[in-house]
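> Predicted model follows, preceded by the sequence.
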Amino acid sequence: MTTPTSNTVPAADSRALGLAHYAARGVLEHVLARHGITFQQQIALRAAVTADAPQTPDALVAQVRDSVKADPDDIRATLDELLAKGLLVADGAHLRPTAAGRELIPAVSAETAPITARIWGGVPAEDLAAAGRVLALVKDRANAELAALTTPR
């Protein structure tokens, strides 16, 4: 593997960010497929597993939408898929992860950990800190722009 130099690396922009995101997501989706779930199912299941208390479907939809900006109807369909797979269960007005759902998230994390280490390994801490600051700023600005686009006038 070669390390790009400042002469060969383009400046960070939306395209570079997108390409990095989809490359990393492709790795994750490959692992998720072995477990029989999709990217969006994993996002929704993780939200349910990491919640302090069982969430209503609307609360999970809102949390997933905030993360991946997906259509609420698509997220509801994803929750239905997780219910059908037995990874979530209805508990009154709430959804909670089943034992299988709670076990799946750490299993996927354990499987992706060595891959993640190879991808991120060797990147200097100061580069990671700078990238983290830039990505946080870009995310905040993009969220503000999306809010302005979707707010009724």
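That came through fine.
> Going by secondary structure, Ala53 is in what exactly?
Per DSSP states H and E: Ala53 is located in neither a helix nor a strand.
> now swap in Val89 and tell me
Here Val89, judged by DSSP H and E, is contained in strand 88-91.
> Could you identify the helix or strand that succeeds that strand?
Scanning forward in sequence from strand 88-91 by DSSP H and E, the next helix or strand is strand 94-97.
> hang on, the earlier thing: so what secondary structure elements neighbour the strand holding Val89?
Contact here means 3 or more C-beta pairs under 8 Å, 6 or more residues apart in numbering; DSSP states H and E; on that basis strand 88-91 packs against helix 72-84, strand 94-97. C-beta: built from backbone N, CA, C; applies to glycine.
> Buried ones in that strand, by neighbour count?
Within strand 88-91, the residues scored as buried using 16 or more other C-beta atoms under 10 Å are Leu88, Val89.
> Please list the residues outside that strand that contact it.
Outside strand 88-91, the residues within contact range by C-beta atoms under 8 Å, 6 or more residues apart in numbering are Leu45, Ala48, Pro54, Leu79, Leu82, Leu83, Leu95, Arg96, Pro97, Thr98, Gly101.
> Sheet partners, orientation included, of it?
strand 94-97 (antiparallel) (DSSP bridges).
> Tell me which residues are up against the very next helix or strand once past the strand it pairs with.
For strand 94-97, the succeeding helix or strand toward the C-terminus, using DSSP H and E, is helix 99-120. Contacts to helix 99-120, defined as C-beta under 8 Å, 6+ apart, come from residues 24, 27-28, 31-32, 34-35, 37, 42, 45-46, 48-50, 82, 86-88, 128.
> average pLDDT for helix 99-120?
Helix 99-120 comes out with an average pLDDT of 97.
> Please give the element, helix or strand, for the residue nearest the centre of the chain.
Central residue of the chain (C-alpha atoms, centre = their mean): Ile43, 5.3 Å from the mean position. Applying DSSP H and E as the criterion places Ile43 in helix 39-50.
> and the helix or strand just after that helix, what does it pack onto?
Per DSSP H and E, the first helix or strand lying C-terminal to helix 39-50 is helix 57-68. For helix 57-68, the elements it packs on are helix 39-50, helix 72-84, judged by 3+ C-beta pairs under 8 Å, 6+ apart.
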